[in-house]
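1. Provided below for reference: sequence and predicted model.
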Amino acid sequence: MEQLRPLDALNRARDKRVIVDLKNSKQYVGILKAFDIHINVVLENAEELVDGKASKKLGVVFIRGDTITVISPE
Amino acid sequence: MEQLRPLDALNRARDKRVIVDLKNSKQYVGILKAFDIHINVVLENAEELVDGKASKKLGVVFIRGDTITVISPE
Amino acid sequence: MEQLRPLDALNRARDKRVIVDLKNSKQYVGILKAFDIHINVVLENAEELVDGKASKKLGVVFIRGDTITVISPE
Amino acid sequence: MEQLRPLDALNRARDKRVIVDLKNSKQYVGILKAFDIHINVVLENAEELVDGKASKKLGVVFIRGDTITVISPE
Amino acid sequence: MEQLRPLDALNRARDKRVIVDLKNSKQYVGILKAFDIHINVVLENAEELVDGKASKKLGVVFIRGDTITVISPE
Amino acid sequence: MEQLRPLDALNRARDKRVIVDLKNSKQYVGILKAFDIHINVVLENAEELVDGKASKKLGVVFIRGDTITVISPE
Amino acid sequence: MEQLRPLDALNRARDKRVIVDLKNSKQYVGILKAFDIHINVVLENAEELVDGKASKKLGVVFIRGDTITVISPE
């Protein structure tokens, strides 16, 4: 059986809602539409979270990979 | 159907107004005229935002990619 | 006798519970399902730890390698 | 029509006065004489700005690219 | 006589107890079992040090190279 | 006429006194004897500056490029 | 006459006492035994300096290059 690679896990999350944590402590939630090997990420229907609650509707956001710490399906 | 890549999302935002967030918490808004794989970005009719409001007209700005956290269409 | 390489040690921890420490002082515990040469990591049944105790159930988490300081089997 | 690349925008600013913002919050103004793909930059007739006003005449300055956040024509 | 290279010094410390200092001021002590060119390191019988004294037994730890400042045999 | 590149400007400063600013706010002044594409730099007759005044004679110093922000002829 | 390169200066300091300054403000003094292109460094008879005075004998230390700011012969 082939071993899972980290990007496979991101691929399974495609078109699903994910929470993205940034190094600056910001959080974004949205539908994962795209990612690449740098972990640059595009979310749709994205919202910025404050204290874990949606606070600002942003639509599409492009998040630069090197600013991301954790991505998890909601 | 081909999958969206992160830079495709930036490409769709070309010639549209975007908000660019930097690691140092500054924000710039302007027309996205250019970007590259490092996410170096050029905005026209750019303004620096303070507390989310336009505060300083800058014209053209070149923003170095590694200082950017998030880009989103306005 | 062949010498152990760092990624061999991660490989031995595959499918076992590990604690992952991040540069921002957060800690995650979960089953190590995947990693790559950048030390990007995927945990299943993951929980965020606060003061060493499980505080938030997260399911699957993707952790970007460059934010990780230490990985150790629980 | 060919699309603008970020370095094209820097090229148009060559021999013009630009303001360069650094990650450490310093600002330099001067004539842009040279740049490269790392965004290493050389200014002539350069001055350091304090609170947006010229404070120290420096002549030629070489600025290392990875310390730069924004470059904009004055 | 051939000149010593930095990784040769690490190689001599293999299977010996070393202290590893991290950028976040944490210290780990343990038997150096593996390292690579990124200075990713694996310690066995590892303990976290607080104020220079062993405070928490960890067993095997994988330490990501870019978080390390200094490695020295105990 | 050929365009100036950033390293050409450093080359013109070779064997001249330069001030080197570091990311940690330290300043060094000395004769620029060597540099490379990483902007690693060697100064001779170097002194550390405190508040812009020479405070400590150091002789030869090797300065790692990624710690440098600005280099300017005195 | 051939121009000096930065690593040539380190090579001249081989087997001599040098002071190594780190980004975290720590200082180490010792005999420079090895270095590489990443500026990873090995010191022998090394001591950690506190306020410029030797405070802790360490023997051999491996210092990761990207944590170093300045190296100078004592």
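-> The structure has been received and is ready for your questions.

2. check whether the helix or strand hosting A:Ile19 contacts chain B.
-> Using DSSP states H and E, the element containing A:Ile19 is strand A:17-22. Yes - Strand A:17-22 is in contact with chain B by Cβ under 8 Å from any Cβ of the partner chain, via A:Leu22. (Each C-beta comes from the backbone N, C-alpha and C, glycine too.)

3. can you give me the angle that strand makes with strand C:17-22?
-> 50 degrees (axes from the mean of the first three to the mean of the last three Cα atoms, to 10 degrees).

4. first to last residue in stretch A:33-40, what's the distance?
-> End-to-end span of stretch A:33-40 (Cα to Cα, to the nearest Å): 11 Å.

5. mean confidence for that stretch?
-> What stretch A:33-40 shows for mean pLDDT is 97.

6. ditto for stretch A:63-70
-> Stretch A:63-70 comes out at a mean pLDDT of 98.

7. name the residues that touch it?
-> A:19-24, A:28, A:36, A:38-43, B:23, B:39, B:65-66, B:68-71, C:22, C:24, C:26, C:28, C:61-64, C:66-67 (Cβ atoms under 8 Å, 6 or more residues apart in numbering or on different chains).

8. could you list the alpha-carbon positions for the strand holding A:Ile19 in CSV?
-> What follows is strand A:17-22, C-alpha atoms only, in CSV (Å, rounded to 0.1, in the frame of the first residue of the first chain):
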residue,chain,number,x,y,z
ARG,A,17,-13.9,24.0,4.1
VAL,A,18,-10.6,24.4,5.8
ILE,A,19,-9.2,26.6,8.5
VAL,A,20,-5.8,28.1,7.8
ASP,A,21,-3.6,29.4,10.6
LEU,A,22,-0.9,32.0,9.8
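
9. please compute how far that strand lies from its chain's middle.
-> 4 Å (Cα atoms, centre = their mean, to the nearest Å).

10. near chain G, which residues of chain A are found?
-> By Cβ under 8 Å from any Cβ, no part of chain A sits against chain G.

11. pick out the residue in chain A sitting closest to chain D.
-> A:Asp66 (12.3 Å; Cβ to the nearest Cβ).

12. just say helix, strand or coil for that residue.
-> helix (DSSP: H, G, I helix; E, B strand; the rest coil).

13. what's the helix or strand for the closest residue to A:Ala54 other than its chain neighbours?
-> In space, and not counting its chain neighbours, A:Ala54 is closest to A:Glu47: 4.1 Å by Cβ to Cβ, 6 or more residues apart in numbering or on different chains. Using DSSP H and E, A:Glu47 maps to strand A:41-50.

14. other SSEs contacting that strand?
-> Judged by 3 or more Cβ pairs under 8 Å, 6 or more residues apart in numbering or on different chains; DSSP states H and E, strand A:41-50 is in contact with strand A:17-22, strand A:27-35, strand A:53-63, helix B:6-12.

15. quick one on the thing from earlier: list buried residues within the contacts of stretch A:63-70.
-> Applying 16 or more other Cβ atoms under 10 Å in any protein chain shown to those, the neighbour count classes A:19-23, A:28, A:38-43, B:23, B:39, B:65-66, B:68-71, C:22, C:26, C:28, C:61-64, C:66-67 as buried.

16. and the residue nearest to the spatial centre of chain A, how close does it get to chain C?
-> Centroid-nearest residue in chain A: A:Val20, 3.9 Å away (criterion: Cα atoms, centre = their mean). Between A:Val20 and chain C the distance is 10 Å, computed by Cβ to the nearest Cβ, to the nearest Å.

17. so who does that residue touch?
-> A:Gln27, A:Tyr28, A:Val29, A:Gly30, A:Val41, A:Leu43, A:Ile63, A:Ile68, A:Val70, A:Ile71.

18. any idea how many residues pack against the first one?
-> Meaning A:Gln27. For A:Gln27, the neighbour count with other Cβ atoms under 10 Å in any protein chain shown is 18.

19. about what we covered before: return the member of the helices and strands packed on strand A:41-50 having the minimum mean pLDDT.
-> Minimum mean pLDDT among the helices and strands packed on strand A:41-50: strand A:53-63, a mean of 90.

20. sheet-wise, list the partners of that one with their directions.
-> strand A:41-50 (antiparallel), strand B:68-73 (antiparallel) (DSSP bridges).

21. what sits against A:Ala9?
-> C:Lys33, C:Ala34, C:Val42, C:Val60, C:Phe62.

22. what do you get for A:Ala54?
-> A:Val29, A:Glu47, A:Glu48.

23. hey, what's it bridged with?
-> Applying DSSP bridges to A:Ala54 yields these beta-bridge partners: A:Leu49.

24. return the distance of it relative to A:Arg5.
-> 31 Å (Cβ to Cβ, to the nearest Å).

25. before we move on, back to that, out of the contacts of A:Ala54, flag the one nearest to chain B.
-> A:Glu48 (8.8 Å).

26. wait, that closest one touches A:Gly30, no?
-> No - applying Cβ atoms under 8 Å as the test, A:Glu48 and A:Gly30 come out as separate, 9.6 Å apart.

27. compare the two (neighbour count), which wins?
-> A:Gly30 (25 against 18).

28. which strand residues bridge the more buried one?
-> Beta-bridge partners of A:Gly30, as defined by DSSP bridges: A:Val18.

29. how near is A:Gly52 to chain F?
-> 34 Å.

30. how many neighbours does that residue have?
-> Based on other Cβ under 10 Å, the number of other residues close to A:Gly52 is 10.

31. ok, now which ones touch it?
-> A:Gln27.

32. before we move on, what about A:Lys56?
-> Per Cβ under 8 Å, 6+ apart, neighbours of A:Lys56: A:Glu47, A:Glu48, A:Val50.

33. distance check, the first one against A:Lys26.
-> Put plainly, it is A:Glu47. 11 Å.

34. and if you look at the last one?
-> Separation of A:Val50 from A:Lys26 (Cβ to Cβ): 9 Å.

35. ends of stretch A:26-43, what's the gap?
-> So stretch A:26-43: terminal residues 15 Å apart, Cα to Cα.

36. distance from the chain centre to stretch A:58-74, please.
-> On Cα atoms, centre = their mean, the centre of stretch A:58-74 falls 3 Å from that of its chain.

37. may I have that stretch as CSV, with CA atoms only?
-> Taking C-alpha atoms only, stretch A:58-74 is exported to CSV below (Å, rounded to 0.1, in the frame of the first residue of the first chain):
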residue,chain,number,x,y,z
LEU,A,58,-13.4,38.3,2.0
GLY,A,59,-14.6,36.2,-0.9
VAL,A,60,-11.5,34.9,-2.6
VAL,A,61,-8.2,35.0,-0.8
PHE,A,62,-4.7,34.0,-1.9
ILE,A,63,-2.5,33.1,1.1
ARG,A,64,1.3,33.0,0.6
GLY,A,65,2.6,29.6,1.7
ASP,A,66,5.5,30.7,3.9
THR,A,67,3.1,32.6,6.2
ILE,A,68,1.0,29.4,6.9
THR,A,69,1.5,27.2,10.0
VAL,A,70,-1.5,24.8,9.9
ILE,A,71,-4.3,23.8,7.6
SER,A,72,-7.1,21.7,8.8
PRO,A,73,-10.5,20.7,7.4
GLU,A,74,-13.2,22.3,9.5
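
38. find the nearest non-adjacent residue to A:Asp21, please.
-> A:Val70 (4.4 Å).

39. partners of that neighbour in the sheet?
-> Those that pair with A:Val70 in a beta bridge, by DSSP bridges, are A:Asp21, C:Ile63.

40. what's the distance between it and B:Ser25?
-> 21 Å.

41. again with A:Ala13
-> 28 Å.

42. tell me which of these two has more neighbours.
-> Neighbour count, other Cβ under 10 Å: between A:Ala13 and B:Ser25, A:Ala13 has more, with 19 against 8.
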